[in-house]
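Visitor: here's my sequence, what's the structure:
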Amino acid sequence: MLGLDVHKDPHKLQILLSTAKQHLTTIRNSPSPEPSPTSPAHLAFDPHLARLLTCSVPLRILDIPHIIDTWDSLTRFLDDWVEIGKLSSAQNLATWEGPSKVIHAVPHQPIFELTFYDGLLVLHDFMPSWVVERFFLETMGIRYNILSQAIRERWKGDDGPPFAEMERHFTKVITPQLQSHWNNVPRRRRSLAKLLLPWHKLYDLVVEMTGRLDTTDETGLILRQIPNAVLSWRLADIREVIFSGFQLDLYTSEERAFAYLFSAQTIEKHISCLEQLSGVVPAGTPTKMEINFNVQYLTALQLISMALFSVVTRLMSFEPQRLELNFIRRYKWAFLPEYDSIATRDAACPEFSSFLPACKEILDDIYFSPSDNIRLARKILSDLIMQPSHTNYWYSERIKFIRDTIRACDSLDALPSTTAGIRAFDRLLLWDPTLNHPWFPTLSSQGADKRRRQPARPNVG
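Guide: All right, here's what the predicted structure looks like:
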């Protein structure tokens, strides 16, 4: 099975997987007896295997997993190979974007990466430029050959449009981004953070390109949306980097307020991009329906983020110097020196200078209600579940995640109904991604937040 080319022998792969699963079921149903403590069977595995490596740090003695855990790992291994067989024929970017919240095992993730792109061809059949064609079709609902012809006809200048450079940029950002979704959460977060600069360079390129076009006619209105198409992908990555910080428990109690504010600001810009794109995408197309879905979904996330931003401000010390040092450390990926040489301004750069004024503004807003935000978000998410299926391979997993977010809203229903009640609010907020939602806390009936002074984990993203 491991030696097969999944693109050439999909049928044989399924036969081997079916046979392997049958054998695994037989082994589970007829377990071997546990060897006695003195049995030589224990010599089959050396727990001190790491001593064969040249290493200057203390070596960890490896623990032999329980046999049930071993069979469970093999089951997940085979299940992932089933996914590989199905994905090998998935000729769209959306399907390859989805697995980050679905696939269990990571040890053989290079297999997933190579299935998509082997360094020469995409999906064993297409040149790397194929991802550019799919990007415009799935993001704007228009074929790249039609778009490129319209650009040539409206180009102002002696030199031609920079298609080769643009296609090269697209390949360098989209391919590693799709491959990053097969990493575990920490590696995926680091990969996405590193791709934010290349995405901004691509955004700068298309902004400059569209600025040299005659966009006065109806087709020109479509061409003007190319930068928003690129920006929408970058904003989605920024949102993922922010929210995965909660999933990894990176933020201290004083950092959570800015993280939720920054996520709300990023989502607002993303919604604006999608709404502008929606105006040029043909009605009734999968792209149009996907945009409408995402606008509603993002609106719910923004409502939740603003509600939590308003509530967690009570946990802050409001020591500007300390807050700014934490800010610089946490968001260093947004302030790389390479950004200084790019003409187009970063559309989603975090700004600490606006943070404290935003805290004051929301606490002084007598009309803002955290609990109303949560309830409205819950209604929007519930309506999304009731919509007819229009998506793809990951539809059931997407709906499951929405249901999990609805449960998070239910747990936050008792947030204060007014900003006046925020300062007196003493319910315990618990962030535990292993038990609750990966991005949002739950409310406990206990007293004030016991994690007020808890430091973040040492890894900084």
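Visitor: now the residue lying closest to M166 once chain neighbours are set aside: how far from E165?
Guide: Excluding the flanking residues, the one nearest M166 by CB to CB, 6 or more residues apart in numbering is L205, at 5.9 Å. Placement of C-beta: from N, CA and C, glycine included. In this view, L205 and E165 are 7 Å apart by CB to CB, to the nearest Å.
Visitor: gap between the residue nearest to M316 when sequence neighbours are not counted and F355?
Guide: Spatial nearest neighbour of M316, chain neighbours left out: E254 (5.0 Å); criterion: CB to CB, 6+ apart. Counting by CB to CB, the separation of E254 from F355 is 11 Å.
Visitor: and what of P40?
Guide: 64 Å.
Visitor: looking at the two, which is more packed in?
Guide: F355 (20 against 7; other CB atoms under 10 Å).
Visitor: pull out the buried residues from the host helix or strand of that one.
Guide: Counting by DSSP states H and E, the element that carries F355 is helix 355-364. The neighbour-count check on helix 355-364 (16 or more other CB atoms under 10 Å) flags F355, L356, A358, C359, I362, L363 as buried.
Visitor: and the residue nearest to the fifth one when sequence neighbours are not counted, its phi and psi?
Guide: Take I362 and drop its neighbours on the chain: the residue closest to it by CB to CB, 6+ apart is S310, 4.9 Å away. Listed backbone geometry of S310 is phi -60, psi -40, with angles given as degrees, to the nearest 10.
Visitor: return the residues in contact with S310.
Guide: I362, L363, F368, P370, T419, I422 (CB atoms under 8 Å, 6 or more residues apart in numbering).
Visitor: how about a cut-off of 7 Å?
Guide: I362, F368, P370, T419, I422 (CB atoms under 7 Å, 6 or more residues apart in numbering).
Visitor: how near is it to L363?
Guide: 7 Å.
Visitor: and the residue nearest to T344 when sequence neighbours are not counted, how far from R187?
Guide: Leaving aside its sequence neighbours, T344 sits nearest to D204 (CB to CB, 6+ apart; 4.0 Å). As for D204, its distance to R187 is 27 Å (criterion: CB to CB).
Visitor: neighbour count: those two, which is higher?
Guide: Set side by side, D204 and R187 show more neighbours around D204, with 20 against 13, by other CB under 10 Å.
Visitor: sec struct for the more buried one, please.
Guide: Put simply, D204 is helix when judged by DSSP: H, G, I helix; E, B strand; the rest coil.
Visitor: list the contacts of it.
Guide: Per CB under 7 Å, 6+ apart, neighbours of D204: I342, A343, T344.
Visitor: ok, of these, which one's closest to P58?
Guide: I342 (45.2 Å; CB to CB).
Visitor: which residues touch that closest one?
Guide: I342 touches H200, K201, D204, counting by CB under 7 Å, 6+ apart.
Visitor: what about the stretch 1-150 of the chain, any weak spots by pLDDT?
Guide: 4-7, 56, 89-90, 96, 98-126 (pLDDT under 70).
Visitor: now tabulate the buried residues of helix 355-364 in a markdown table and tack on distance to R234 and pLDDT.
Guide: Conversion of these to a markdown table gives the following (distance: CB to CB, whole Å; pLDDT from 0 to 100):
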| residue | distance to R234 | pLDDT |
| --- | --- | --- |
| F355 | 22 | 92 |
| L356 | 27 | 90 |
| A358 | 22 | 94 |
| C359 | 27 | 91 |
| I362 | 26 | 93 |
| L363 | 31 | 90 |
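Visitor: just put these in CSV and tack on distance to D9.
Guide: Formatted as CSV, these follow (distance: CB to CB, whole Å):
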residue, distance to D9
F355, 56
L356, 61
A358, 57
C359, 59
I362, 58
L363, 62
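Visitor: ramachandran angles for the residue of the chain most remote from its centre?
Guide: Within the chain, T38 marks the point farthest from the mean C-alpha position, 49.3 Å out by CA atoms, centre = their mean. Dihedral pair for T38: phi -90, psi 0, per degrees, to the nearest 10.
Visitor: who's in contact with it?
Guide: No contacts exist for T38 under CB under 7 Å, 6+ apart.
Visitor: so how far is E240 from it?
Guide: From T38 over to E240 (counting by CB to CB), the distance is 52 Å.
Visitor: show me how to select, in ChimeraX, the buried members of the contacts of S310.
Guide: Buried members of the contacts of S310, defined by 16+ other CB under 10 Å, are picked up in ChimeraX with:
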select :362,368,370,419,422
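Visitor: spit out the residues that contact S310 and L363 alike.
Guide: Between them, S310 and L363 share these contacting residues under CB under 7 Å, 6+ apart: T419, I422.
Visitor: which residue sits closest to the residue nearest the centre of the chain in space, ignoring its chain neighbours?
Guide: Closest residue to the average C-alpha location of the chain: E240 at 3.9 Å, with CA atoms, centre = their mean. The shortest distance from E240 to any non-neighbouring residue, by CB to CB, 6+ apart, is to L192 (5.7 Å).
Visitor: and if you look at T219?
Guide: A150 (5.2 Å).
Visitor: mind listing what's buried along whichever strand or helix holds the one you found?
Guide: Using DSSP H and E, A150 sits in helix 144-154. Using 16+ other CB under 10 Å as the test for burial, helix 144-154 gives Y144, L147, S148, A150, I151, R154.
Visitor: whichever helix or strand comes after it: which residues count as buried?
Guide: With elements assigned by DSSP H and E, the helix or strand that comes after helix 144-154 is helix 163-180. Residues 166-167, 169-180 are the ones in helix 163-180 that count as buried (16+ other CB under 10 Å).
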